[in-house]
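# Need a 3D model of the following:
(one chain, ligands or ions: 1)
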Amino acid sequence: MKNIKNSKKVFKQALKYMPGGVNSPVRSFSAVKEDPRFIKRSFGAYIEDIDNNIYIDYISSFGPLIFGHGKKEVINAAKKALDFGTTYGACHMKEVKLAKIISKLMPSMEMLRLTSSGTEATMSAIRAARGFTGKDKIIKFEGCYHGHIDHLLVSAGSGASTFGEAFSKGIPNDFIKNTLIANFNDLSQVKKIVDNNKDEIAAIIMEPIPANMGLVLPKNNFVQEIRKICDENQIVLIFDEVITGFRASLGGAEQYLKVKPDMSCIGKIIGGGFPIGAFGGKKEIMQNISPIGGVYHAGTLSGNPVAVSAGLATLNLLLHENRFLYEDIELKASKLKENILSEVKGICINQLGSMLTIFFTDNSPKNFDDVKKCNFKKFGKFFRFILNKGIMFPPSQFETIFVSSAHTEEDIIKTSEICINALKNLEIPN
Ligand SMILES: Cc1ncc(COP(=O)(O)O)c(C=O)c1O
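A predicted model of the protein is given here:
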């Protein structure tokens, strides 16, 4: 067992001052019945806790770190930006440069706005879609996560109802009455909801490749078919690519699936590890945003020069210097998958590009209901086993691991061996 004396001590203090001792719930490790590790530094593919334990990290800050931790060019760009100030509350050149690159790589974003988080991006995109269409209702998919926005913290209600229930306290029913819930990969259900709410639906928001119920893959041209439904019913299709943007491919899921949404939301990678988000879409929609239109959007730190500089450095590296990066990280993730599956039965691994989830179930989950049937006890046991051997996976069955260009072949071999060992030992009681 690893010594985590210092982490335990700090966690005790943290519990006094922060709910659950954390600033975001998944970090508490409560789902896997472990104590969180407090990190003192990170470098390349590794993070080190305050007890000097080093882990091969696959959380990758939940997505932004496509080059791993502390990429020199990204750090230098941020440091250099700091010499010119921390924030201006005024326009600067780099935000225009970043918008131009994003728009080129993700053609759905003809015009865009930078925000400080993915949550702000999705919230603003939905407002823009409602403002543009003059309609109120939206459809979201069970298990897709779009940030902690009141009207999106909704899961399926009981029985056949498509009206959801808030899964957080503190959300008035009025706030969620316009959010309709559908199952991912269930086209006929989406069609039915659209038919039952004719001319009332402003937008369908979806993670085109969901990564927040573990990694779930779209089946049978599901996303392409959703595109058609939106076209036929004047519904704004919003892709939430906060995770998949610049991750599923250089042009995100939009490029990977060859489906162009009307609006897209991104974040994570475009800030190189700094707080950022962006929403954008067709000019005719985006030209409704204030000050040229009536849909309000603003942000004190939107387009922050340090975050934008780190983002620019990241996208420039992806564009110009890492031609084989996507092949490389995909290969490593698929090796991890193949290595594990060649030795272990009774699990299922979904992988796309550098994203991967090991599900403790026999069949590949295709929606949230399937994921809920996984053996969470086994996942927890697996997580604790590998953590103790120096492998940091996200602490929940509902998350995705991220392979970065910093992971070496040796890291992948070591990770495969430890995972296989853990999985073969799962039948041993705690
Ligand atoms: C798909 C998706 N959308 C939106 C968000 C919210 O982004 P943020 O945490 O930056 O607010 C997340 C966060 O993980 C996400 O995965």
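# helix/strand/coil for residue 407?
coil (DSSP: H, G, I helix; E, B strand; the rest coil).
# how about the nearest residue to it, chain neighbours excluded?
residue 45 (4.5 Å; Cβ to Cβ, 6 or more residues apart in numbering). Backbone N, C-alpha and C define where each C-beta goes, glycine included.
# List the residues that contact that neighbour.
56, 57, 68, 69, 404, 406, 407, 408, 411 (Cβ atoms under 8 Å, 6 or more residues apart in numbering).
# Name all residues that make contact with the third one.
By that I understand residue 68. 44, 45, 57, 60, 404, 405, 406, 407.
# To what extent is the spatially closest residue to it that is not a sequence neighbour buried, counted in neighbours?
Sequence neighbours aside, residue 406 is the residue nearest to residue 68 in space, at 2.4 Å (criterion: Cβ to Cβ, 6+ apart). Residue 406 has 21 neighbouring residues, counting by other Cβ atoms under 10 Å.
# Now the residue of the chain found nearest the ligand: phi and psi?
Residue nearest to the ligand within the chain: residue 118 (2.3 Å; Cβ to the nearest ligand atom). Dihedral angles of residue 118 (phi, psi; degrees, to the nearest 10) stand at phi -70, psi -40.
# for residue 202, same thing?
phi -80, psi -40.
# ok, it touching residue 133?
Yes - contact criterion Cβ atoms under 8 Å: residue 202 and residue 133 qualify, at 4.4 Å.
# who's more crowded, the two?
The neighbour comparison of residue 202 against residue 133 (other Cβ under 10 Å) goes to residue 202, with 24 against 18.
# contacting residues around the closest residue to that one other than its chain neighbours?
Excluding the flanking residues, the one nearest residue 202 by Cβ to Cβ, 6+ apart is residue 135, at 3.9 Å. Residues near residue 135 by Cβ under 8 Å, 6+ apart: 199, 200, 201, 202.
# What pLDDT does the model give residue 125?
Here the pLDDT value assigned to residue 125 is 98.
# Quick one: list the elements packing against whichever strand or helix holds it.
Using DSSP states H and E, residue 125 sits within helix 118-133. Here helix 118-133 touches strand 111-115, strand 137-141, strand 201-206, strand 236-240, strand 263-267, strand 277-281, helix 283-286, going by 3 or more Cβ pairs under 8 Å, 6 or more residues apart in numbering; DSSP states H and E.
# which stretch among the ones you listed comes nearest residue 49?
Evaluated over these, closeness to residue 49 peaks at strand 263-267, with 26.2 Å, by Cβ to Cβ.
# the inter-axis angle of that closest one versus strand 236-240?
Going by axes from the mean of the first three to the mean of the last three Cα atoms, to 10 degrees, strand 263-267 is angled at 20 degrees with respect to strand 236-240.
# which parts of the stretch 51-200 of the chain sit against the ligand?
Residues of the stretch 51-200 of the chain lying close to the ligand by Cβ under 6 Å from any ligand atom are 62, 117, 118, 119, 122, 145, 146, 147.
# Quick check: residue 47 is in a helix.
No - going by three-state DSSP, the assignment for residue 47 is strand, not a helix.
# now it: how far from residue 421?
With the distance defined as Cβ to Cβ, to the nearest Å, residue 47 ends up 21 Å from residue 421.
# pLDDT and neighbour count for the residues of the stretch 51-200 of the chain next to the ligand - can I get that in TSV?
Converted to TSV, these look like this (pLDDT from 0 to 100; neighbours: other Cβ atoms under 10 Å):
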residue	pLDDT	neighbour count
62	97	19
117	98	20
118	98	28
119	98	19
122	98	26
145	96	21
146	97	25
147	96	18
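# Quick check: the farthest pair among those residues?
The span of those, defined through Cβ to Cβ, is set by 62 and 122 at 15.4 Å.
# Not including adjacent chain positions, what is the nearest residue to residue 350?
Counting by Cβ to Cβ, 6+ apart, the residue nearest residue 350 is residue 215, at 4.4 Å.
# For the one you found, the count of nearby residues, please.
Neighbours of residue 215 using other Cβ under 10 Å come to 25.
# Please report how far it lies from residue 193.
For residue 215, the distance to residue 193 - Cβ to Cβ - is 25 Å.
# and what of residue 82?
49 Å.
# Would you mind telling me which of the two has more residues around it?
For residue 82 versus residue 193, neighbours defined as other Cβ under 10 Å are more numerous around residue 193 (19 against 12).
# and residue 1, how many neighbours?
By other Cβ under 10 Å, the residues close to residue 1 number 5.
# Residue 84 now?
Using other Cβ under 10 Å: residue 84 sits among 12 other residues.
# Does it touch residue 305 like I think?
Yes - using Cβ under 8 Å, residue 84 is in contact with residue 305, at 6.9 Å.
# So for residue 47 and residue 421, which sits in the more crowded spot?
When residue 47 and residue 421 are compared for neighbours, residue 47 comes out ahead with 21 against 14, by other Cβ under 10 Å.
# which residues touch the more buried one?
37, 39, 41, 54, 55, 57, 69, 392.
# which residues pair with residue 358 across the strands?
residue 349 (DSSP bridges).
# Quickly note the distance from it to residue 365.
Counting by Cβ to Cβ, the separation of residue 358 from residue 365 is 11 Å.
# Check the gap between the most centrally placed residue in the chain and residue 318 for me.
Central residue of the chain (Cα atoms, centre = their mean): residue 243, 3.3 Å from the mean position. Per Cβ to Cβ, residue 243 is found 15 Å from residue 318.
# Thanks a lot, catch you later.
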